[in-house]
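J.: no FASTA, just this:
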Ligand code: LIP
């Protein structure tokens, strides 16, 4: 199945949305200031988040009127804040992934546009208009950064975390019950020892940097479907794996083929490696051993 029309439309809409984000980011006016806070003081929304979501939805609906739409700000405004994801063809949009970065003028900001069928991402566009980095992928067609195939360099071996640069985030919820497990897991990874840890403030860009080979792995608890849908197909088409924190009962031996539940509020991803799927599985197994379950309500 080819998704050329969906991909080309998503790229065009992402570029339009990126221009709005870039303008607000550059001319640090009201549109880049905190409009209100959602679940807690660190969970920010700006006028630009809502304006970009409305723009993306409008442009996509004009071409695909029969598709469904899920967006961060629309869902967050509903009483139950549930995505209502079905098997129907659905656009899943994070208008500004990295809103805190956007408010602070830190250039890791992206619009993420995913197209999902039967709960599986088949098209993904993640565009950082500040650094002008456009990641795109569609099922079976490869992954690209500014039309350069990903990963950008031939994959190197990844036998352990000792040579790995990884990313994770602590998220916006700062309760002890949430932070405790996250920091205990991080301490185990750092003591493994991992070579380095980064937090870019954007789940979608963390995942795309795994796809490009700039990060070796990324994990987080607390992500929403809109944070990860578009970047999931980018990582997979770049030869990496996107999985949940626990190995599904029914999964086979190929970790890159594990079913990923994007509503589970967590993700682990690992880049393509020179020694292939078994090596990716080894890194995922190591990270899974260090992770402690963190309870978030499903999307
Ligand atoms: C962000 C995520 C990030 C997470 C932040 C925030 P937003 O999404 O991309 O991974 O750690 O807390 O949720 O809210 O900027 O779209």
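T.: Looks like it came in fine. Please read all numbers here as calculations on a predicted model, not as lab measurements.

J.: List, one by one, the residues from the stretch 1-150 of the chain near the ligand.
T.: 72, 94, 97-99 (CB under 6 Å from any ligand atom). To be clear about C-beta, it is placed using only N, CA and C from the backbone, and glycine gets the same treatment.

J.: Okay, and which of those map to helices?
T.: Counting by DSSP state H, the part of those found in helices is 72, 99.

J.: so which of the residues of the stretch 1-150 of the chain next to the ligand comes closest to residue 22?
T.: residue 98 (13.3 Å; CB to CB).

J.: mind checking how far the helix or strand of the chain with the lowest mean pLDDT is from the chain centre?
T.: When the helices and strands of the chain are scored by mean pLDDT, DSSP states H and E, strand 34-37 comes last with a mean of 84. Centroid separation for strand 34-37 versus its chain: 22 Å, with CA atoms, centre = their mean, to the nearest Å.

J.: swap in stretch 195-214?
T.: Distance, centroid of stretch 195-214 to centroid of chain: 9 Å (CA atoms, centre = their mean).

J.: Ok, stretch 148-158 next?
T.: Per CA atoms, centre = their mean, the centroid offset for stretch 148-158 relative to its chain is 19 Å.

J.: right, and the helix or strand after the helix or strand that contains residue 206?
T.: Here residue 206, judged by DSSP states H and E, is contained in helix 203-212. Sequence-wise, the next helix or strand downstream of helix 203-212 (DSSP H and E) is strand 217-221.

J.: and after that following strand, which helix or strand comes next?
T.: helix 225-237.

J.: before we move on, back to that, need the residues of the stretch 1-150 of the chain next to the ligand in a markdown table with pLDDT and distance to residue 22, can you?
T.: Below are these laid out as a markdown table (pLDDT from 0 to 100; distance: CB to CB, whole Å):
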| residue | pLDDT | distance to residue 22 |
| --- | --- | --- |
| 72 | 92 | 19 |
| 94 | 98 | 16 |
| 97 | 98 | 15 |
| 98 | 97 | 13 |
| 99 | 97 | 15 |
